[in-house]
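Participant: missing the sequence, but the structure's below:
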Ligand code: SF4
């Protein structure tokens, strides 16, 4: 399906990806001026834990759990000072709590052993942390002010395909395509803009193309030519 949107952009004469990306970014930035990470955290460690907990659940659930969690666990040592079962109970509500507790404890151990208890900025270093895959590493690096890639979640994937920015399905390949067309200065805000546009307008099942500010730039628009 994604392949046809890239071809469709050419067929409709909408311009090349590199030409469309600037107006896409500009319009989304106006439309979603409040687009930012929805997870609540105060420190780098809290950011890392929040993102690790957010796998397979909602940001709302994570924020509810971490409001309690972060009062009890303030430093990496705190996650290792309790039995694993206790941490599992404390994060139970986020689902996959056994794997997440194991990953968080392994990550905290490595932070203490190799990074002085601090969260590293480099993608390669972040990827060494147990349970930290590329998406988590990209989110953390970007929020720490050192984006080295583009976060591809379900919204970014769907909108990148619909907008004809990629013909790929695999998140790693989608990211590679996006890195070629999105300017480096926008690697942080671009996924936030797509995520919020996906939540508010470009719904997975019922995209509201008639209300969409990108309708005349989007090869899968159902709103017809402007
Ligand atoms: S025009 Fe429609 S399909 Fe394209 S981005 Fe907007 S809502 Fe999504």
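Facilitator: On my side now, so go ahead. On a predicted model such as this, the values are computed, not experimentally measured, just so you know. Residues are numbered from 1 along each chain as shown.
Participant: now for the most centrally placed residue in the chain: which residues touch it?
Facilitator: Here the mean C-alpha position of the chain is nearest to the C-alpha of residue 151 (CA atoms, centre = their mean), at a distance of 4.4 Å. The neighbourhood of residue 151, defined by CB atoms under 8 Å, 6 or more residues apart in numbering, consists of 135, 138-139, 142, 191. Bear in mind the C-beta positions are built from the backbone N, C-alpha and C, glycine included.
Participant: phi, psi of it?
Facilitator: Reported as degrees, to the nearest 10, the phi and psi values for residue 151 are phi -70, psi 130.
Participant: for it, give its distance to the ligand.
Facilitator: Separation of residue 151 from the ligand (CB to the nearest ligand atom, to the nearest Å): 18 Å.
Participant: just give the nearest non-adjacent residue to that residue, would you?
Facilitator: The shortest distance from residue 151 to any residue other than its chain neighbours is 4.1 Å, reached at residue 191 (CB to CB, 6 or more residues apart in numbering).
Participant: got the residues of the protein near the ligand?
Facilitator: Applying CB under 6 Å from any ligand atom, we find that the chain lies next to the ligand at 159, 162-163, 201-202, 207-209, 212, 214-215, 218, 220-221.
Participant: hmm, which of these are the buried ones?
Facilitator: Restricting those to buried positions leaves 159, 162-163, 201-202, 207, 209, 212, 214-215, 218, 220-221, with burial counted as 16 or more other CB atoms under 10 Å.
Participant: now, the residues of the chain next to the ligand that are in helices?
Facilitator: Secondary structure from DSSP state H places 159, 162 of these in helices.
Participant: quick one: the residues of the chain next to the ligand as TSV, columns for pLDDT too.
Facilitator: Rendered in TSV, the data for the residues of the chain next to the ligand read as follows (pLDDT from 0 to 100):
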residue	pLDDT
159	98
162	96
163	97
201	98
202	98
207	97
208	97
209	97
212	98
214	97
215	96
218	96
220	93
221	93
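Participant: between the contacts of residue 151, which sits nearest the ligand?
Facilitator: residue 191 (14.7 Å; CB to the nearest ligand atom).
Participant: that closest one - how many residues pack around it?
Facilitator: Using other CB atoms under 10 Å, residue 191 is surrounded by 29 other residues.
Participant: quick check, it in contact with residue 154.
Facilitator: No. When contacts are counted by CB atoms under 8 Å, residue 191 is not listed as touching residue 154 (11.2 Å).
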